[in-house]
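K.L.:
Here is a sequence together with a model predicted from it:
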Amino acid sequence: MNQAILEARGLRKAYGARVAVADVSLGVATGEVLGLLGPNGAGKSTTVGMLAGLTRPDAGTVTIGGMAPAADEFRFKRRIGLVPQELALFEDLPAIANIELFGALYSLPHRRLKGRAMEVLDLVGLADRARDKPATFSGGMKRRLNIACALVHDPDVLLLDEPTAGVDPQSRNAIFDNLEALKRSGKALVYTTHYMEEAERLADRIVIVDHGRVVATGTPAELYRLLPVAQTLHIEAEGRIDDASLQAALQAADGVKAARVDGQDIEIGLDDLPRTTASVTHLLAARGIRMRRIDSGRASLEDVFLALTGRQLRD
Amino acid sequence: MNAFSALVRKDLVLYFSNRRSVIVSIVAPILIAAFFGSLFGGGDSAPAHVPVGIADLDDSPLSRQVVAAMKADPSLAITELPDATAAAQVKAGTLRASITLPKGFGAQSSQALFGASTKPRIDLRYDPSQSMVLPLVRGLLAQHAMQVVTQAVFSGSTPVIADMREHVAADSTMPPERRHQLLAMFDDIAKVQQARPTDPAASGSNPGGGRATLSMPFATNETQMSSGTEPRYNSYAHAFAGMGVQFILFMGVDMAIGLLMSRRLGLWTRLRAAPLSRSTLLGSRIASTAAIALIIFAIIYAVAMAAFGVRIEGSVPGFLAVLAAFALLTASFGLLIAALGRTPEATRGLAILATLLLVMLGGAWVPAFIFPAWLQKVSLVAPTRWAIDGLDAMTWRGQPFEAALLPVAAMLGFTALFSILAVWRFEWEE
């Protein structure tokens, strides 16, 4: 990793007795996308709030270009663009008026405002809808406008808190294209999500958080190396499996590295697909379990998370 | 355009682009004020005629004179009706009151004047929803009945004095000295009665009829005291002040709910992420709410002046100062609601209830002088009372600038209090 432009060390935040973030450290460099991955309630948004200077940490530090918010809060905030999880748009103002408003809040000179607003609208593919109100936009278009509002003042770091929540695959791809363009232009991006495929596609490095703590950090390749298995087998039984000893029996089967039984689903971690598939199907047939479907695949970050925390990302 | 003005401009554009807000804040108060203004007399300063029924069961010359006198009174609209019909119409609300003069009224009332007979009982029925009418009708009836009866007694048109003299002369239980004095008085009255037709000096003192009578010992000059020497009271002035205050406070509540909604929608977080001080964020909110309040009041008063004859009879700078102070009060009230509220849904109901209590105590619905004395004092703790009193003073009461100072100071005091509480309680971290 190059020198981090945004750096956080030992962040902690509690609301009364509830600890939202216990200990988070991370850094992101210019032209890099850092994925902040974790299930709902893991502390991602609180971490983003602290990175953006919105929430004061109980402990730890955040710096941007070596400068802490306490040194000059306004300068600190001018270097950050925040794309909140919610659609933070004034629905009854035209798209361009939304962007101009946020530009004015960041003290952009009036003569530059119009041109810059059109630039960012063009970047997110909404230039032809500049005069329309967001109330008439699709969910994906609103998300793109949300990003445009955060870009108008040309920040060094873009904090994106689940920016694709609730959008269709086509709009999601359009957003990814926008973010990849921003990355190429040298922006540092922090991208929170609980969608592994998004993190895998966009992130150069990934920080996995759970219960407010960093449980793993590294490039996707580094994280895969944490997995004991390279492949997975997913079997869906015809009915709910009530065999309490099945999980232990599967874990002892030939070629099986890990096994989990949940309702009518069986997840198997393995290295040698043909050999292990044969032993598993033989075992299930011997116990009278009929299979409805069987899928195999390469291990994903979901499996990494599962291996590290014992639960799934979308829990 | 700096951040502060951008935020203010944004609030103004959003508010006035919302058709519902405009209707609620501008059209509704105008319509309701027009209604209330017309109920309380409208722009016409002439007093209303109270519809009263009268049933004359006696039908004597004296009772007919009482009926005629009542009919001639400008405060009343008298209709002669059978007793049962009059009672039914009062019950139905068509008449405010009814008077029934009983049989024997003429004879009994003359004698009862000296306590020589049982007093005739007049039935006076009234609409309980119009209880203010009762003392008016009772007072006017007493006035006209006394005038007619005393006129009859002292003019000699009835034998009352002669009968009374006979009665006193025959009363052996009365002390001689007292009997002598009374008989002398009756004789003197009889002499006056006999002399009157040919006594020009005496008739000159009674231009009404040329006969001796008792009458009210005073007359009144009735002048409306509103704006200097010209009586221009316009009940619309109070109604527009009251309804303007009410609906502008509703606008303040709307702005507060808008802030709570912006918290929920993430807009507030987004604004806080910008390099803006807390004073810019809250100050712009106060400025935009106050500006909206002033614009709404300006439109409401423009309509009131153009269509309903409302005038600023007092100090124009004083009027503007009261409006400006109330606009700031509204803004701080809205901010306090936003600071204390948790969810938009729960806050809206409570805030509207608080607003309605404030405008009720402030005299927006009915003038505060109708309140009981204790409530008039208590209602001074309602900032709306100062707003409405200030606007009344500067419009139809025609008071000078100095009269605006106390209401303005009181409203600014409330503004400071609300603002301090709002800033203290405002939650910055979500």
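P.N.:
In hand now; what should we look at?
K.L.:
show me where the stretch 51-200 of chain B has strands.
P.N.:
Listed in chain order, the strands of the stretch 51-200 of chain B (DSSP state E, counting those that start in this stretch) span B:76-80, B:97-101, B:123-126.
K.L.:
ditto for chain A
P.N.:
Listed in chain order, the strands of chain A (DSSP state E) span A:4-15, A:18-29, A:33-37, A:59-64, A:80-83, A:157-161, A:188-193, A:205-210, A:213-218, A:231-237, A:256-262, A:265-270, A:291-298.
K.L.:
wait, which of those strands is closest to residue B:251?
P.N.:
strand A:80-83 (30.6 Å; C-beta to C-beta). Yep, even glycine has a C-beta here, placed from its N, CA and C like the rest.
K.L.:
Leaving out chain neighbours, which residue sits closest to residue A:304?
P.N.:
Closest residue in space to residue A:304, ignoring its immediate chain neighbours: residue A:223 at 5.0 Å, by C-beta to C-beta, 6 or more residues apart in numbering or on different chains.
K.L.:
Contacts only, for the one you found.
P.N.:
Residue A:223 makes contacts with A:206, A:208, A:216, A:301, A:304, as judged by C-beta atoms under 8 Å, 6 or more residues apart in numbering or on different chains.
K.L.:
thinking again about what came up before, name the stretch among the strands of the stretch 51-200 of chain B that sits most buried.
P.N.:
strand B:97-101 (a mean of 25; mean count of other C-beta atoms under 10 Å in any protein chain shown).
K.L.:
That strand - what's its average pLDDT?
P.N.:
Taken as a whole, strand B:97-101 has a mean pLDDT of 92.
K.L.:
Next: stretch B:392-401.
P.N.:
92.
K.L.:
May I see the buried residues of it?
P.N.:
B:392, B:393, B:394, B:395, B:396, B:397, B:398, B:399 (16 or more other C-beta atoms under 10 Å in any protein chain shown).
K.L.:
a markdown table please, covering these and showing secondary structure and distance to chain A.
P.N.:
Shown next, in a markdown table, are those (DSSP: H, G, I helix; E, B strand; the rest coil; distance: C-beta to the nearest C-beta, whole Å):
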| residue | secondary structure | distance to chain A |
| --- | --- | --- |
| B:392 | helix | 37 |
| B:393 | helix | 39 |
| B:394 | helix | 36 |
| B:395 | coil | 35 |
| B:396 | coil | 39 |
| B:397 | coil | 42 |
| B:398 | coil | 43 |
| B:399 | coil | 42 |
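K.L.:
For residue B:341, state which of those residues is nearest.
P.N.:
Top of the list for closeness to residue B:341, among these and by C-beta to C-beta, is residue B:392 at 31.8 Å.
K.L.:
so how far is chain B from the residue nearest to residue A:304?
P.N.:
30 Å (C-beta to the nearest C-beta, to the nearest Å).
K.L.:
which stretches of the stretch 201-315 of chain A have low pLDDT?
P.N.:
Applying pLDDT under 70 to the stretch 201-315 of chain A flags the ranges A:228, A:310-315.
K.L.:
Report pLDDT for the closest residue to residue A:107 other than its chain neighbours.
P.N.:
Distances taken as C-beta to C-beta, 6+ apart place residue B:3 nearest to residue A:107, at 6.6 Å, with adjacent residues excluded. Turning to residue B:3, the model gives it a pLDDT of 92.
K.L.:
who are the neighbours in contact with residue B:3?
P.N.:
Per C-beta under 8 Å, 6+ apart, neighbours of residue B:3: A:104, A:105, A:107, B:274, B:276, B:280, B:284.
K.L.:
hmm, back to that, could you redo the strands of the stretch 51-200 of chain B as CSV and give each row distance to chain A?
P.N.:
Shown next, in CSV, are those (distance: least, C-beta to the nearest C-beta, whole Å):
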stretch, distance to chain A
strand B:76-80, 55
strand B:97-101, 56
strand B:123-126, 55
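K.L.:
Those strands into JSON lines, with extra columns for distance to residue A:189?
P.N.:
As requested, the strands of the stretch 51-200 of chain B are exported to JSON lines (distance: least, C-beta to C-beta, whole Å):
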{"stretch": "strand B:76-80", "distance to residue A:189": "83"}
{"stretch": "strand B:97-101", "distance to residue A:189": "83"}
{"stretch": "strand B:123-126", "distance to residue A:189": "81"}
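K.L.:
Ok, which of those strands comes nearest residue A:296?
P.N.:
Here strand B:123-126 is closest among the strands of the stretch 51-200 of chain B (C-beta to C-beta), at 94.7 Å.
K.L.:
mean confidence for that closest one?
P.N.:
The average of the pLDDT scores along strand B:123-126 is 91.
K.L.:
what comes into contact with it?
P.N.:
B:83, B:86-87, B:90, B:96-100, B:102, B:133-134, B:137-138, B:141.
K.L.:
Go ahead and build a ChimeraX selection from the buried members of the residues you listed.
P.N.:
Command for ChimeraX that selects the buried part of those, burial taken from 16+ other C-beta under 10 Å:
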select /B:83,86,87,90,96,97,98,99,100,102,133,134,137,141
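K.L.:
Sort out for me which of the contacts of strand B:123-126 are in helices.
P.N.:
Judged by DSSP state H, the contacts of strand B:123-126 include B:83, B:86, B:87, B:90, B:133, B:134, B:137, B:138, B:141 as members of helices.
K.L.:
Show me chain A divided up by domain.
P.N.:
By the assignment in automatic domain parsing, chain A contains the domains A:4-220, A:231-298.
K.L.:
okay, those, which one's buried deepest?
P.N.:
The highest mean neighbour count among those, using mean count of other C-beta under 10 Å, belongs to domain A:4-220: a mean of 20.
K.L.:
before we move on, the earlier item: so which of the ones in helices among the contacts of strand B:123-126 comes closest to residue A:66?
P.N.:
Closest to residue A:66, out of all of the ones in helices among the contacts of strand B:123-126 and judged by C-beta to C-beta, is residue B:133, at 83.5 Å.
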